[in-house]
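1. Take a look and give me a structure for this.
(2 chains)
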Amino acid sequence: QSALTQPASVSGSPGQSITISCTGTSSDVGGYNYVSWYQQHPGKAPKLVIYDVSNRPSGISNRFSGSKSGDTASLTISGLQPEDEADYYCNSYRSSRTFVFGTGTKVTVL
Amino acid sequence: QVQLVESGGGVVQPGGSLRLSCAASGFTFSAYAMHWVRQAPGKGLEWVAIMPYDGTTKYYADSVRGRFTISRDNSKNTLYLQMNSLRAEDTAVYYCARRISGYNYGLDYWGQGTLVTVSS
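-> Next up, the predicted model:
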């Protein structure tokens, strides 16, 4: 079960917007609207920031937004803040009734 | 408030077994599907297994299928992961996580994790 592909790192200055991509196949990202995104700070458990491609859980800033086009999902963080510096992972349902995470992206706030 | 607390991690020799537990509180445990996710030291997240709310069909990652068994006891509000034939590559922090309610998908609450080390 190969992982979804994410860029290893993305960086931006405070106030800027960044976008993290998550590329899969028609058997996962492209075939279902079950894509979610997680933020993980060092030594902490992951935190859900987007579910079902573009929905934000209660309490998550509207600076976080998600979208999908074909086999690629994206997470955009607008108005980048120092506390956004973390690792981010996408996750998708797969046609084999399993789930798969992305390779992870380290976001650095310059 | 929703709480998930994992336990049962430790050091085990290759080929050995371990059972992890995840004690849930603050919500109706029997109404939610639950997952196990792991993270090897310095590595990314890896999905391990899913347990539906009613304990019916369970699904596993290829890397653990046939060796790990997920189960739940709704009367005890507890999720389990029985891990057999452990390998060095199973060394990781193991998290239990709750699937968001309804027909949506996302893991909205996570435990703090329990570390499993497979080493001789």
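2. In terms of pLDDT, where does the residue in chain B that chain A sits nearest to sit?
-> Distances between chain B and chain A by C-beta to the nearest C-beta are smallest at B:Gly106, namely 2.8 Å. To be clear about C-beta, it is placed using only N, CA and C from the backbone, and glycine gets the same treatment. You'll see B:Gly106 listed with a pLDDT of 95.
3. can you count the residues close to the nearest residue in space to A:Gly30 that is not next to it in sequence?
-> Excluding the flanking residues, the one nearest A:Gly30 by C-beta to C-beta, 6 or more residues apart in numbering or on different chains is A:Asp71, at 3.7 Å. Using other C-beta atoms under 10 Å in any protein chain shown, A:Asp71 has 18 neighbouring residues.
4. Geometric centre of chain B: which residue is closest?
-> Geometric centre of chain B, nearest residue: B:Trp36, 2.9 Å, by C-alpha atoms, centre = their mean.
5. close enough to count as contact, the residue of chain B closest to chain A and A:Ile50?
-> Yes. Applying C-beta atoms under 8 Å, one finds B:Gly106 in contact with A:Ile50, separated by 7.5 Å.
6. Could you name every residue contacting both of those two?
-> By C-beta atoms under 8 Å, 6 or more residues apart in numbering or on different chains, B:Gly106 and A:Ile50 have these common neighbours: A:Ser36.
7. ok now do residue 15, which residues does it touch?
-> Since no chain was named, I'll use chain A. Applying C-beta under 8 Å, 6+ apart, the residues near A:Gly15 are A:79-80.
8. Chain B is the one I meant
-> Residues in contact with B:Gly15, defined by C-beta under 8 Å, 6+ apart, are B:85-86.
9. B:Gly106 and A:Ile50: which has the busier surroundings?
-> More neighbours surround A:Ile50 than the other of B:Gly106 and A:Ile50, with 27 against 21 (other C-beta under 10 Å).
10. Kindly provide the distance from that one to chain B.
-> Going from A:Ile50 to chain B by C-beta to the nearest C-beta, to the nearest Å gives 7 Å.
11. which residue ranges form the strands in chain B?
-> Assigned by DSSP state E, chain B shows strands spanning B:3-7, B:10-12, B:18-25, B:34-39, B:45-51, B:59-60, B:68-73, B:78-83, B:92-99, B:107-110, B:114-118.
12. Next: chain A.
-> Under DSSP E, chain A gives strands at A:9-12, A:18-23, A:35-40, A:47-50, A:64-69, A:72-77, A:86-94, A:98-101, A:105-109.
13. With mean pLDDT as extra columns, can I get those in JSON lines?
-> Shown next, in JSON lines, are the strands of chain A (pLDDT from 0 to 100):
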{"stretch": "strand A:9-12", "mean pLDDT": "97"}
{"stretch": "strand A:18-23", "mean pLDDT": "98"}
{"stretch": "strand A:35-40", "mean pLDDT": "98"}
{"stretch": "strand A:47-50", "mean pLDDT": "98"}
{"stretch": "strand A:64-69", "mean pLDDT": "98"}
{"stretch": "strand A:72-77", "mean pLDDT": "98"}
{"stretch": "strand A:86-94", "mean pLDDT": "97"}
{"stretch": "strand A:98-101", "mean pLDDT": "96"}
{"stretch": "strand A:105-109", "mean pLDDT": "97"}
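14. Single out the most deeply packed of those.
-> Mean neighbour count (mean count of other C-beta atoms under 10 Å in any protein chain shown) peaks for strand A:35-40 among the strands of chain A, with a mean of 26.
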